[in-house]
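A.B. asks: fold the following and give me the result.
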Amino acid sequence: MERLDFLVTFLSMKKVTKKAPRAPRSLPSPRLFLQTPYLYPMSFLSIDPQTTPQKDVHQFILGTVAPRPIAFVSTLDENGVPNLAPYSFFNAFSSNPPIVVFSSNRRGSDNTTKDTLHNVRMTGECVINAVNYNIVRQMAVASVDFPSEVSEFEKTGLTPIPSDLVKAFRVKESPAQMECKVKDIITLGEKGGAGHLIICEVVRIHVAEEVLTDRNRIDPDKMDLMGRMGRAFYVRCSGPAIHTIVQEYNPVTIGYDALPEAIRHSPVLTGNDLGKLAGQVTFPSPEELAEVAEADEVKNALQQAHPTEALHYLAKQYLDREEVKKGFAMLLSGVK
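C.D. replies: Here you go, the predicted structure:
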């Protein structure tokens, strides 16, 4: 209770500086902070895929490898019947040549394969359409196992439009589409749940102008993509879900090991906080350290019953606002 009382006192004390820092975006209350579960794992459930039922292994993998981008794959069968199906075992693997890969897995229920796999084997072509928030419910309809002769375009209400270089249709409502030639199909197994890696070379990309910045780059908020997680969970990749992390690559950053021990073992700072500090190119200058040492809020923190924790809570407010250099200087001012 002593530390709780100290924290309540410190976070509620009146600032005496002439220009107080802005309030942090999401600083928890002292009581809430102390009741929050530990930020790092304390114990683990260990799973052997060889002895665990396939359906359980499937869910653990999907819940761990998340969020995953969604490939909304359009194909044609040998009779020209369109097929449209979503796949979240999907990602980009090369830009030169431009290669994307998705996996069409055998059904766990009866070990059968899907129409998409049949179609790309027959035609060697597909279109991968991006899934944004505006069409995610229609995408979900396309995940139903309709008979092969039924077009998911009709069932979902989505609009097929011609492609430039392949016969498969694009989805008009999708904000971006990639026309692809299938370079290879790798079979990973013969049992239910086994994947078939469909390796695609992108031969044409279409991006809606409405989602582009004035520099012809995709704006993630305008793109508003959806990602797949475990079970029935999805994530909407826009707004507060988007974070910017700018990391220096050259010159080399100082690294975690160069931080003073009192900072590395702080009871207040999180791994993300330490990562911000480790990602700095240089330590604060003597002038920056001297300026911080004279700040009233730093002096007040150092006069508390637990000065190290008080100073670290103060510095964390600056780290949360991305004022890393100043927060770093505050932390160093308390290192003896």
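
A.B. asks: per-residue confidence for the residue nearest the centre of the chain?
C.D. replies: Per CA atoms, centre = their mean, the C-alpha nearest to the average position across the chain is that of Pro67, at 6.1 Å. On pLDDT, Pro67 comes in at 97.

A.B. asks: residues in contact with it?
C.D. replies: Gly227, Arg228, Met229, Tyr234, Val235, Cys237 (CB atoms under 8 Å, 6 or more residues apart in numbering). For the C-beta atoms, the positions are set from N, CA and C on the backbone; glycine is no exception.

A.B. asks: can you tell me which of these are in strands?
C.D. replies: Gly227, Arg228, Tyr234, Val235, Cys237 (DSSP state E).

A.B. asks: Ala85 versus the residue nearest to the first one when sequence neighbours are not counted, what's the distance?
C.D. replies: The reference is to Gly227. In space, Gly227 comes closest to Pro67 once its chain neighbours are excluded; the distance is 3.1 Å by CB to CB, 6 or more residues apart in numbering. Using CB to CB, to the nearest Å, we find Pro67 at a distance of 19 Å from Ala85.

A.B. asks: again with Leu197
C.D. replies: Counting by CB to CB - Leu197 and Ala85 are separated by 16 Å.

A.B. asks: ok, those two, which is more surrounded?
C.D. replies: Legend: neighbour count by other CB atoms under 10 Å for Leu197 and Ala85, higher for Ala85 (23 against 14).

A.B. asks: where do the strands sit along the stretch 201-336 of the chain?
C.D. replies: Along the stretch 201-336 of the chain, counting by DSSP state E, counting those that start in this stretch, strands occupy 225-228, 234-237.

A.B. asks: give me the helices and strands touching the first one, please.
C.D. replies: Read that as strand 225-228. Under the contact criterion of 3 or more CB pairs under 8 Å, 6 or more residues apart in numbering; DSSP states H and E, strand 225-228 touches strand 68-69, strand 234-237.

A.B. asks: give me the contact list for that strand.
C.D. replies: Contacts of strand 225-228 (CB under 8 Å, 6+ apart): 62, 66-70, 88, 130-133, 136, 139, 234-238.

A.B. asks: buried sites along it?
C.D. replies: Leu225, Met226, Gly227, Arg228 (16 or more other CB atoms under 10 Å).

A.B. asks: same deal with the last one?
C.D. replies: Neighbour-count burial for strand 234-237, with 16+ other CB under 10 Å as criterion, is recorded at Tyr234, Cys237.

A.B. asks: quick one: contacts for the closest residue to Ala278 other than its chain neighbours?
C.D. replies: If the residues on either side of it in the chain are set aside, Ala278 comes closest to Tyr256, at 4.2 Å by CB to CB, 6+ apart. By CB under 8 Å, 6+ apart, the contact list for Tyr256 reads Arg264, Leu274, Gly275, Ala278.

A.B. asks: pretty sure Ser103 sits against Leu197.
C.D. replies: Yes. Proximity of Ser103 to Leu197 meets the contact threshold set by CB atoms under 8 Å, at 5.4 Å.

A.B. asks: what touches both of these two?
C.D. replies: By CB under 8 Å, 6+ apart, the residues touching both Ser103 and Leu197 are Leu188.

A.B. asks: gap between the residue nearest to Gly227 and Ser46?
C.D. replies: Taken as CB to CB, the span from Pro67 to Ser46 is 24 Å.

A.B. asks: could you do Cys126 as well?
C.D. replies: 38 Å.

A.B. asks: these two: which has the busier surroundings?
C.D. replies: Cys126 (27 against 4).

A.B. asks: the more buried one pairs with what?
C.D. replies: Beta-bridge partners for Cys126, by DSSP bridges, are Cys180.

A.B. asks: fine, thanks again, bye for now.
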